[in-house]
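Trainee: Return atomic coordinates for the entry below.
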Amino acid sequence: MSNVQTMGFQTEVKQLLQLMIHSLYSNKEIFLRELVSNASDACDKLRFAALNDSSLLAEDSELRIRVSFDEAAKTITIEDNGIGMSYDEVIANLGTIARSGTKEFFASLTGDQQKDAQLIGQFGVGFYSAFIVANKVEVLTRKAGAALTEAVRWVSEGQGEFSIEVIEKATRGTSITLFVNEDGEKFLNSWALREVLRRYSDHISLPIQMEKEEFNQETGASIKTGEWESVNQANALWARNKTEITDEQYKAFYSHLSHDYNEPLAWSHHRVEGRSEYTQLLYIPKQAPFDLYDREAKRGVKLYVKRVFIMDDAEQLLPSYLRFVRGVIDSSDLPLNVSREILQESRDVKLIRDGAAKRVLSMLEDIAENRSEDYMAFWAEFGQVLKEGLGEDQANQQRIAKLVRFASTHNDQATQTVSLVDYVARMKEGQDKIYYVVADSFANAKSSPHLEIFRQKGIEVLLLSDRVDEWMLTYFREFDGKSLVSVAKGGLDLEKLSNEEEKKQQEEVAQELKPLVERLQVALAERVKEVRVTARLVDSPSCVVVGQNELSPHLLRMLKAAGQEVPDIKPILEINPTHPFVQKLKGIDGDDFADWASILLDQAMLVEGAQIDDPAAFVKKLNRLLVS
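Mentor: Residues are numbered from 1 along each chain as shown. Have a look, this model is predicted:
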C-alpha cells in the first residue's frame, strides 16, 4: 500500500470540478471559508472523540487552525490538528460525493453561469471549492491515534484523476496545500487572507492563526517572524451577547453552518433559562436543499454541550416538519457523553425540541405578518414540508394552520396565497364550514364538478393538489371552531346553501326522477353503492362521491400507486336532474339504457381523475351509441 495509486473521481465529482475550474463563482474567496470550516469541524470531532479517549489529544492538546502562504511557490496552506483521515476515509471523502440528491442536482444545471452558481451553493461544495483558485491540490493527513507511518498524501489537478499514497507524517490532522492559479494569486499576501478570515471565519471557536509579519524599512517588504497569532476572536458566536454581533457576522456564521451561498431568510438568537438552560441560534434558509424530501438524508441542527461539539444533524432537537431549519443548540443540562439513544429519551431534549419549534414558528409568524413577499418565497420552497406539521404537531396545530397557504376559488390561481384566516373572514353569512376539494393537480381541482353549486352560490372552496394534502387532512379537521369539509364527500349538507323555494323545487324533481334513479341503481348495481339526485351539480350531468368517513378516490389512487393494498370502495353516483343527458335517459329503454348508464358513470369517474376499469369497452359503447 506504500506505492502511489492513481484513481478516477466519481462521475459527479468530475462534473462538479469542471464547473469549479470554469469559474462559475465571481466570489472566489469562499474557498478559504469552506476549507477553514472543514478544519474547524475536524477539530470539533476530535474534541468529542477525546471525551472517551483522552490519549487522542496527548501529542498536542491545543486545537487550532493555521493558514500560511508562500508567494514564491504560489501556494496557500490550511492546516489543522484535528481528527485527520485514514487511507479509506481519504478516498471516500475526497473522491466521491456521498450526498443525497446528487443526480437531481446535476439534472438541474442549466448552462447559465449565474443560475448554476446559485444551484451549486444550494448543493454545497466544501473541499472541492479549492479548485476555484488552484490548479493543483495536495492533502497530507494522519488520523488521530494512528502511527506516524500511516499518514496519507492525496494529490489532484482536478482533471478527473487523483493519486494517493501512504507516507509518514509527524503530527496528526490535515494539511491542504493549494497551488494557486492566476485567479488565486491575489490571495498570496497576508492582508488579503486575514481580511477574508475575519469576514467569514471570525465566529469559529478555535484560534485561526497566521504568522506575524514585521515591516523591513530598508527593503520595504514584510518579513515573517515565525511567531503565530490568532486572527479571529476564537469564541463561539452563539455564546456572545447578541448586541455585540452584526448582521454580517450572523450571515457569515450561517454560511459556515450550512455551506449555503444564499443569505438566510431570518434568524433567531435566544438564551433560554428555567427548567432547561440552553442557547439556540436558528436560521431559516431562502432555498430548499435537493434532499429535502429524502427520508435518508441527514438533517437537523448542530448540538453542543457547554460549547463542546457533540454531533451534526441532531434531528431529535427539531420536529421533522422543521427539518429545513439550520443552526446551533448549546445545552447546559445534557451530559457531555450524550448519545443518540439518550437524546431520544431525555426529558431535557423534549423541552429543547418544543422550545425550538415555538421559536421557529414565531420567526415564521413575524415574516408572514411583516414581510409578505419573503413569506411567499418561503412558502414556495418549504410549504409542503410545513404542512406536515398539521399532522405531526398537535400542540402547535392551530399556530401552523395560520401559517399555511392554499389555492382557492377566490382567485382561481395556482399560486398558494390564501390563508385560513383570510378564508374565514370571507365566509358567507350563516356558513359554518370550511370547504375544500382534493385532486391530482390544480387544474383538476379547479375544474371539479363538485365546485359547481359553490361557484353559483359564491362560496369559496380551497383547491388542494399537493401530495401531502390528503394525509394532512386526516389529522387537521378544524380551524377557528369551523370544520373542514370535503365537497366531494357524500355527507355534504347542501340544504343550508338553498333557500326554501329551491328546497321545494329539489324535492319535487327528486320525486319525479325516482323511477329513473331506481333503473340506474339496477343497471349499475355491481359498480356503485347508490344512485341519487343531487343539488351540487349545475353544468355537469353526474359526479361520484364517497361516504363521509371513507377514503377518497384520490387517496385510494395514491395508496395503490405506492403499492399498498386498498379496500374496494364502491362510489355513490349523483345525477343532475336538470341536465339534458339525464333528461334524455328517461326516454331510453332496453340494452341502450344499460350502456348509457355505464357511460354516465364512466364520465363521472374520468372527471374525478380515476381510471375506468375497461377503457376499450367505454370507447366501444360510446361509438355505438353516437352512430345509432
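Trainee: Identify the residues contacting Arg198.
Mentor: Val231, Asn232 (Cβ atoms under 8 Å, 6 or more residues apart in numbering). For every residue, glycine as well, the C-beta is placed using N, CA and C.
Trainee: And it, how close does it get to Gly82?
Mentor: 21 Å (Cβ to Cβ, to the nearest Å).
Trainee: Over to Val424?
Mentor: For Val424, the distance to Gly82 - Cβ to Cβ - is 55 Å.
Trainee: More neighbours: the two, which one.
Mentor: Neighbours were counted for Val424 and for Gly82 using other Cβ atoms under 10 Å; Gly82 has more, 26 against 15.
Trainee: ok but the more buried one is inside a helix, no?
Mentor: No - the assignment for Gly82 by DSSP: H, G, I helix; E, B strand; the rest coil gives coil, which leaves it out of any helix.
Trainee: Ignoring the adjacent residues along the chain, who's closest to it?
Mentor: Counting by Cβ to Cβ, 6 or more residues apart in numbering, Gly82 lies nearest to Ala42, which is 3.0 Å off, once chain neighbours are set aside.
Trainee: Tell me who's in contact with the one you found.
Mentor: Contacts for Ala42 (Cβ under 8 Å, 6+ apart) come out as Asp80, Gly82, Ile83, Gly84, Gly173, Thr174.
Trainee: go on, Leu63?
Mentor: Counted by Cβ under 8 Å, 6+ apart, Leu63 has contacts Cys43, Leu46, Arg47, Asp80, Asn81, Gly82, Leu206.
Trainee: Isn't the first one up against Asp80?
Mentor: Yes - between Cys43 and Asp80 a contact is recorded at 5.7 Å, counting by Cβ atoms under 8 Å.
Trainee: who touches both of the two?
Mentor: Common contacts of Cys43 and Asp80, defined by Cβ under 8 Å, 6+ apart, comprise Leu63, Arg64, Ile65.
Trainee: Need those in JSON lines (columns: pLDDT and distance to Tyr304).
Mentor: JSON lines is the format used below for the shared contacts of Cys43 and Asp80 (pLDDT from 0 to 100; distance: Cβ to Cβ, whole Å):
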{"residue": "Leu63", "pLDDT": "94", "distance to Tyr304": "15"}
{"residue": "Arg64", "pLDDT": "95", "distance to Tyr304": "18"}
{"residue": "Ile65", "pLDDT": "96", "distance to Tyr304": "18"}
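Trainee: I'd like those as JSON lines, with distance to Leu193 appended.
Mentor: Shown next, in JSON lines, are the shared contacts of Cys43 and Asp80 (distance: Cβ to Cβ, whole Å):
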{"residue": "Leu63", "distance to Leu193": "20"}
{"residue": "Arg64", "distance to Leu193": "16"}
{"residue": "Ile65", "distance to Leu193": "12"}
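Trainee: quick check, nearest of those to Trp154?
Mentor: Ile65 (19.0 Å; Cβ to Cβ).
Trainee: CA atoms only for the helix or strand harbouring the residue nearest to Gly82, dumped as CSV, please.
Mentor: Per DSSP states H and E: Ala42 is located in helix 30-49. Extracted C-alpha coordinates of helix 30-49, given in CSV (Å, rounded to 0.1, in the frame of the first residue of the first chain):
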residue,chain,number,x,y,z
ILE,A,30,-15.3,31.4,-0.5
PHE,A,31,-12.7,28.7,-0.9
LEU,A,32,-11.0,29.8,2.2
ARG,A,33,-14.2,29.9,4.2
GLU,A,34,-15.0,26.3,3.1
LEU,A,35,-11.6,24.9,3.9
VAL,A,36,-11.4,26.6,7.3
SER,A,37,-14.9,25.4,8.1
ASN,A,38,-13.9,21.8,7.3
ALA,A,39,-10.8,22.2,9.5
SER,A,40,-13.0,23.5,12.3
ASP,A,41,-15.3,20.5,12.0
ALA,A,42,-12.3,18.2,12.1
CYS,A,43,-11.1,19.8,15.4
ASP,A,44,-14.7,19.6,16.9
LYS,A,45,-14.9,15.9,16.0
LEU,A,46,-11.5,15.2,17.7
ARG,A,47,-12.6,17.1,20.8
PHE,A,48,-15.7,14.9,21.0
ALA,A,49,-13.8,11.7,20.4
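Trainee: Let me know the next secondary structure element after it.
Mentor: Remark: after helix 30-49, the chain's next helix or strand is strand 65-70, criterion DSSP H and E.
Trainee: Give the pairing partners of that next one; include direction for each.
Mentor: Partners of strand 65-70 in the sheet, by DSSP bridges, are strand 75-80 (antiparallel), strand 208-216 (parallel).
Trainee: looking at these, which is closest to Ser441?
Mentor: Judging the strands paired with strand 65-70 by Cβ to Cβ, what sits closest to Ser441 is strand 75-80, at 50.2 Å.
Trainee: From the contact counts, what lies against the following helix or strand past the closest one?
Mentor: Using DSSP H and E, the helix or strand that follows strand 75-80 in sequence is helix 87-95. Other elements packing on helix 87-95 under the criterion 3 or more Cβ pairs under 8 Å, 6 or more residues apart in numbering; DSSP states H and E are strand 134-142, strand 151-156, strand 161-167.
Trainee: Out of these, which is closest to Ser346?
Mentor: strand 134-142 (35.2 Å).
Trainee: partners of the closest one in the sheet?
Mentor: strand 151-156 (antiparallel), strand 173-180 (antiparallel).
Trainee: right, and the helix or strand after the last one?
Mentor: Meaning strand 173-180. Next along from strand 173-180, by DSSP H and E: helix 190-201.
Trainee: Which positions in that following helix come out as buried?
Mentor: Neighbour counts using 16 or more other Cβ atoms under 10 Å place Ser190, Leu193, Arg194, Val196, Leu197, Tyr200, Ser201 of helix 190-201 among the buried residues.
Trainee: mind listing the strands for the stretch 251-400 of the chain?
Mentor: 266-272, 278-284, 301-305, 308-314, 326-331 (DSSP state E, counting those that start in this stretch).
Trainee: Can you lay out those as CSV showing mean pLDDT, mean neighbour count and distance to Phe253?
Mentor: As requested, the strands of the stretch 251-400 of the chain are arranged in CSV below (pLDDT from 0 to 100; neighbours: other Cβ atoms under 10 Å; distance: least, Cβ to Cβ, whole Å):
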stretch, mean pLDDT, mean neighbour count, distance to Phe253
strand 266-272, 94, 18, 9
strand 278-284, 95, 24, 7
strand 301-305, 86, 23, 11
strand 308-314, 76, 19, 15
strand 326-331, 92, 24, 8
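Trainee: I'd like to know which of those strands is closest to Ala72.
Mentor: Here strand 308-314 is closest among the strands of the stretch 251-400 of the chain (Cβ to Cβ), at 37.5 Å.
Trainee: Specify the angle between the closest one and strand 301-305 in degrees.
Mentor: Angle of strand 308-314 versus strand 301-305, following axes from the mean of the first three to the mean of the last three Cα atoms, to 10 degrees, is 160 degrees.
Trainee: Which strands or helices does strand 308-314 pack on?
Mentor: helix 30-49, strand 301-305.
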